[in-house]
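J.: here is a sequence with its predicted model. Questions after.
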Amino acid sequence: MTSEELPVYVSGYTNDQSVGIYQYSFNPNTGVLTPKGLAAESVNPSYLTLHTSNQHLYSVNEVGEYKGQKTGYVSAYTRNKETGQLTLVNEQPSGGEDPCHATVDATGNYLLVANYSGGSASVIPIRNPGTSESILGEMVSNPIHSQTYQATFGVPDRQEKPHVHSIDLDPIAQHYVFCNDLGCDALVTYKFDRNNSGTLTNHSTFEFPKGTGPRHLKFAPNHNNFCYVLSELSNDVYMLEFNFHEGKFYKVQQIHALPEDWTGENLGSEIDISPNGKFLYVSMRGYDAITIFEIDEWNGKLSLVGYQNTGGKHPRHFTFDPTGSFILIGNKDSDNIVVCKINPKTGVLTQVSSVSHVQPTCIKFWA
């Protein structure tokens, strides 16, 4: 295992004591996070993603208005390798209110953004990608779900209109883009013209039961056609199979992520798969635990391993360190980040350290 400290960036809402994006160093031998201070001032940087070249970091700024328009915005940063400080390159409107998720395509030419309150997806070109002159260009595609889809009102106060909560690309050729719409109980598949215009064209829709509230998804690293979707409102994990020829999803399995005797309120949050591909983890806000599933190596189906207390309240986001040995959990409502050691054979987690951080919403290794 490397002895070199690894840089980590943590974002969060700035309606309390936080003022932007903060930096840490992570010791991959001990699992200890060491605070390094403020990296950049920013307004409500709720989600972070890196460029494929590791030259730039992008933040979605989860606000409802930007320069007089009803939209959030995205920010591009460069990093000083010596100090870890982030320098703002430029900003662009996100194409809808309250952007909450983003990803960069494999070519590094586009930043794709999910706008939660705006109920839309957007594609923003990255000019001169991977160079010191790289900036965010003007948006080239912005499908608005209210023009095509209807809210289900399954949970009336959360599903009153479309709410695009995540945006991801297919793991093979990236010809498809997937948007989980919490308000419409839908997983929308778009054709992605990444080689020319960058536009998104509606292709197919997988419909979940009313009141599901799909939030985030993860494709299996060992089986590229297997996809797992976490529902925020029903607290289920759906295993889906994606037919690349048809461009459609089909349901394989549905499994609940809470104990049968749990009766309190809970919202599913993050979903991810261990780097060795053996275990799937989801965070439960309310029950305040990480639910652990084993992934069958042949058919991809899930079986419950157990539940790990997160050492805090409202585990909104978590991530794995680059070595695959640790998981870092951001507990938003208890203002702390907890580090757990991963047993590579059983998937079980053991807490090894904790550090205070105001309202962590996203944790990103610069690696």
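T.: It's in. Note that the structure is predicted; figures quoted are calculated from it, not measured.

J.: okay, helices next: where are they in the protein?
T.: Assigned by DSSP state H, the helices in the chain number zero.

J.: any stretches of it with poor pLDDT?
T.: By pLDDT under 70, the weakly predicted segments of the chain are 1-3.

J.: residue at max distance from the center of it?
T.: Within the chain, residue 261 marks the point farthest from the mean C-alpha position, 28.6 Å out by CA atoms, centre = their mean.

J.: how much space between it and residue 303?
T.: Per CB to CB, to the nearest Å, residue 261 is found 19 Å from residue 303. Bear in mind the C-beta positions are built from the backbone N, C-alpha and C, glycine included.

J.: what do you get for residue 92?
T.: On the measure of CB to CB, residue 92 and residue 303 end up 44 Å apart.

J.: looking at these two, which one has more neighbours?
T.: residue 92 (22 against 10; other CB atoms under 10 Å).

J.: who's in contact with the spatially closest residue to the more buried one that is not a sequence neighbour?
T.: Closest residue to residue 92 apart from its sequence neighbours, by CB to CB, 6 or more residues apart in numbering: residue 136 at 4.5 Å. With contacts defined as CB atoms under 8 Å, 6 or more residues apart in numbering, the neighbours of residue 136 are 58, 74, 76, 89, 90, 91, 92, 111, 124, 125, 126, 127.

J.: as a markdown table, these with distance to residue 314 would be great.
T.: As requested, those are exported to a markdown table (distance: CB to CB, whole Å):
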| residue | distance to residue 314 |
| --- | --- |
| 58 | 24 |
| 74 | 25 |
| 76 | 29 |
| 89 | 32 |
| 90 | 32 |
| 91 | 28 |
| 92 | 30 |
| 111 | 27 |
| 124 | 30 |
| 125 | 35 |
| 126 | 33 |
| 127 | 37 |
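
J.: for the residues you listed, pick the one with the most neighbours.
T.: residue 111 (28 neighbours).

J.: gap between the nearest residue to that residue once chain neighbours are set aside and residue 19?
T.: With sequence-adjacent residues excluded and distances taken as CB to CB, 6+ apart, residue 111 is closest to residue 124, at 4.6 Å. Distance, residue 124 to residue 19, by CB to CB: 25 Å.

J.: same thing with residue 210?
T.: Residue 210 is 40 Å from residue 19, where distance means CB to CB.

J.: which residues does residue 23 form a beta bridge with?
T.: Beta-bridge partners for residue 23, by DSSP bridges, are residue 9.

J.: is it true that it touches residue 34?
T.: No - counting by CB atoms under 8 Å, residue 23 stays clear of residue 34, with 9.8 Å between them.

J.: neighbour-wise, which of these two wins?
T.: Each of residue 23 and residue 34 has its neighbours counted (other CB under 10 Å); residue 23 has more, 21 against 13.

J.: check contacts around that one.
T.: Shown in contact with residue 23 (CB under 8 Å, 6+ apart): 7, 8, 9, 10, 36, 37, 38, 39, 84, 85, 86.

J.: circling back: can you flag which of the contacts of residue 136 belong to strands?
T.: Among these, DSSP state E puts 58, 74, 76, 89, 90, 91, 92, 111, 124, 125, 126, 127 in strands.

J.: any idea how far the fourth one lies from residue 8?
T.: Distance of residue 89 to residue 8, given as CB to CB: 21 Å.

J.: likewise for the third one?
T.: Here the criterion is CB to CB. By it, residue 76 lies 19 Å from residue 8.

J.: distance of the closest residue to residue 295 other than its chain neighbours relative to residue 366?
T.: Distances taken as CB to CB, 6+ apart place residue 280 nearest to residue 295, at 5.6 Å, with adjacent residues excluded. Applying CB to CB, the value for residue 280 to residue 366 is 25 Å.

J.: who has more neighbours out of these two?
T.: Between residue 280 and residue 366, counted using other CB under 10 Å, the more crowded position is residue 280 (26 against 17).

J.: is it correct that that one is in contact with residue 218?
T.: Yes - counting by CB under 8 Å, residue 280 does reach residue 218; the two are 7.3 Å apart.

J.: overlap in contacts, these two.
T.: In contact with both residue 280 and residue 218: 228, 271, 272, 273, using CB under 8 Å, 6+ apart.

J.: and which of these is nearest to residue 329?
T.: For those, the closest approach to residue 329 (CB to CB) belongs to residue 272, at 11.0 Å.

J.: quick one: neighbours of that closest one, just the number.
T.: 20.

J.: do the same with residue 107
T.: With other CB under 10 Å as criterion, residue 107 counts 13.

J.: which non-adjacent residue is nearest it?
T.: Leaving aside its chain neighbours, residue 107 sits nearest to residue 194 (6.2 Å; criterion: CB to CB, 6+ apart).

J.: could you report the distance from that neighbour to residue 88?
T.: When distance is defined by CB to CB, residue 194 is 26 Å away from residue 88.

J.: between these two, tell me which one has more neighbours.
T.: The residue with more neighbours, out of residue 194 and residue 88, is residue 194; 21 against 13, by other CB under 10 Å.

J.: what are the buried residues along stretch 337-353?
T.: Within stretch 337-353, the residues scored as buried using 16 or more other CB atoms under 10 Å are 337, 338, 339, 340, 341, 342, 347, 349, 351, 353.
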